[in-house]
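Colleague: Build me a model from this:
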Amino acid sequence: MNILHIKYAVEVAKVGSLNKAAEKLLTAAPNVSRAIKDLEADIGITIFERTAKGMELTPDGEEFISYAKGILNQIEEVEAFYKSGSAKKQKFSISVPRACYISEAFAQFSKSLTKDSAEIFYKETNSQRTIRNILENGYKLGIIRYAENYDKYFKAMLEEKGLCYELVTEFTYSLIMGEQNPLAKKDTITFNDLTDFIEIAHADPYVPSMPLSKVVKEELPDNINRRIFIFERASQFDLLSNNPETFMWVSPAPEKILNRFSLVQKKCVDNKKIYKDVLIYKNGYKLSSLDRQFITELCNSKRKYL
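Modeller: I've put the predicted structure just below:
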């Protein structure tokens, strides 16, 4: 279907005459007539009845012209959008795990925004929702986190869903707790030392192709009798700083965050598990300048804090 032919048909329907439409469109009447015939042949319906009174819409033609007006209106909106400069709006979206080094990178990235209008989305969530955000909810970038021993499960799933993946970093979890927590004064911390304390945890473990019960058992072992599940990171920090019985496993946190919430960071000598943070995006997606700027800040933050 030719957009110009659609425009001609809408004008003929408006004025009811080939000659009058041609005058409005600054073209010859035979050109308009030929365009209408080509359009009718393309879509397989009769749009106009040629009568002594002029061009009258058929029932099919009335329906078609209704759709045609909507198409032309959308084209006008697109033209107005780009001609007005609105297309220069800065757009960026990423879904990430809860991690201080990533939020620090995002804070530094935000300083690179120009004065142009902007729509920026930063979502902290688990790996399953991050993947869904990219596949279904319009997010362009994601960072997923998983234990190294789950690597084959995640890579197989990412390839199946048509997602590119690049390793950001590998690390072992550290422990953080409030300054008044007895663990903060210990030189060496073992798994057994944690038994009588309260773990602050996320209630969202996930590994593709594995039963949730098995993932929970591996990620939330039963040597801890008390857990508080909190989704939001700032609330976790508030609780850690106010309740000396609590602790949390985290990717290494910067000193300024620890100082802000009066927290102490420690290593656990028994903890050997390695975790991976992996950048993901759809196959064929071309990274924007804002995407590349964020990735630069992410690499800087990783080198600084991990």
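Colleague: which residues sit in contact with residue 236?
Modeller: Counting by Cβ atoms under 8 Å, 6 or more residues apart in numbering, residue 236 touches 200, 230, 248. For glycine as for every other residue, the C-beta is placed from the backbone atoms N, C-alpha and C.
Colleague: meant to ask about residue 181, not that
Modeller: By Cβ under 8 Å, 6+ apart, the residues touching residue 181 are 197, 244, 245, 246, 247, 264.
Colleague: Return the subset of these lying in strands.
Modeller: 246, 247, 264 (DSSP state E).
Colleague: partners of the nearest residue to residue 266 once chain neighbours are set aside in the sheet?
Modeller: Residue nearest to residue 266 in three dimensions, not counting chain neighbours: residue 175, with 4.7 Å by Cβ to Cβ, 6 or more residues apart in numbering. Note on residue 175: beta-bridge partners residue 249, residue 266, judged by DSSP bridges.
Colleague: State the number of residues packed around residue 175.
Modeller: When neighbours are counted by other Cβ atoms under 10 Å, residue 175 registers 22.
Colleague: isn't it right next to residue 268, touching?
Modeller: Yes - assessed by Cβ atoms under 8 Å, residue 175 is found in contact with residue 268 at 5.6 Å.
Colleague: Find residues that contact each of those two.
Modeller: 189, 194.
Colleague: what about the helix or strand hosting residue 143, average pLDDT?
Modeller: Under the criterion of DSSP states H and E, residue 143 resides in strand 141-147. Strand 141-147 carries an average pLDDT of 96.
Colleague: Mind checking what helix or strand follows it in sequence?
Modeller: Strand 141-147 is succeeded, C-terminally, by helix 151-160 (DSSP H and E).
Colleague: Tell me the buried residues in the helix or strand just after that following helix?
Modeller: As assigned by DSSP H and E, the chain's next helix or strand after helix 151-160 is strand 163-171. By neighbour count on 16 or more other Cβ atoms under 10 Å, the buried set for strand 163-171 is 163, 165, 168, 169, 171.
Colleague: Quickly list what the first one is bridged to.
Modeller: Spelled out, that is residue 163. Under DSSP bridges, the beta-bridge partners of residue 163 are residue 282.
Colleague: who's in contact with it?
Modeller: Contacts of residue 163 by Cβ under 8 Å, 6+ apart are 131, 134, 135, 280, 281, 282, 283.
Colleague: That concludes my questions; thank you for your assistance.
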